[in-house]
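Chemist: I would like the atomic coordinates for the input below:
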Amino acid sequence: MTSSDNFMNYKKINRRILIQDLFLIFLLGAMMNISVMVFNENKMPAYSKQEISVPDNYVLYSDFKEVNYPYLSDVFKIKRLFFSVGDVLMFSAFVSIICLTTINIVQGRKSGIIINEW
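Modeler: As a prediction, the model looks like this:
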C-alpha cells in the first residue's frame, strides 16, 4: 500500500465522519422544530407584526410572550417565507451532505475507485 492510498483512505474516513456529524446537525434542527411545535399545541409559531394568511399548522404571533420557546419558532421571514433556526440547520446540513457526497463520487471516479460502501 502506497502513501497515496493511505491518504485517500484517510480522506474517505474523514468525509464519512463529517457526513455523520452533518446528519446529527440535521437531526438537531428537526428536533428543534418538533419541540417548538409540541410545546405550542402542534402548531409552528411564526413571528409577524402584520396579519397575513398562514396554513392551518401555523400560528401567528407578534409578541414573544404569546408562545412557548419563541426563539425556536419561525422568526425569520423573506417575503412570504417563514423559517427558523432549525430550518437553517437542516437546510445547511442537507446541502453540505449533498456537496460532500458529490465530491467523494467525483474524486473516486478520477482515481478509478468505485465508491459503493455508503
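Chemist: The residue nearest to the spatial centre of the chain and Met31, how far apart?
Modeler: In the chain, the residue lying closest to the centroid (Cα atoms, centre = their mean) is Met90, at 1.0 Å. From Met90 across to Met31, the span is 10 Å (Cβ to Cβ, to the nearest Å). All C-beta atoms are positioned from the backbone trio N, CA, C, and that covers glycine.
Chemist: One more: Thr102?
Modeler: 27 Å.
Chemist: what does Ile105 give?
Modeler: Counting by Cβ to Cβ, the gap from Ile105 to Met31 is 29 Å.
Chemist: And Thr102 and Met31? Which one has more around it.
Modeler: Using other Cβ atoms under 10 Å, the more surrounded residue of Thr102 and Met31 is Met31, with 13 against 10.
Chemist: Quick check: phi and psi at the more buried one.
Modeler: phi -70, psi -30 (degrees, to the nearest 10).
Chemist: Which residue lies closest in space to it, excluding its sequence neighbours?
Modeler: Leaving aside its chain neighbours, Met31 sits nearest to Gly86 (7.6 Å; criterion: Cβ to Cβ, 6 or more residues apart in numbering).
Chemist: Tell me which stretches of the protein form helices.
Modeler: Taking DSSP state H, the helices of the chain run over residues 3-38, 85-110.
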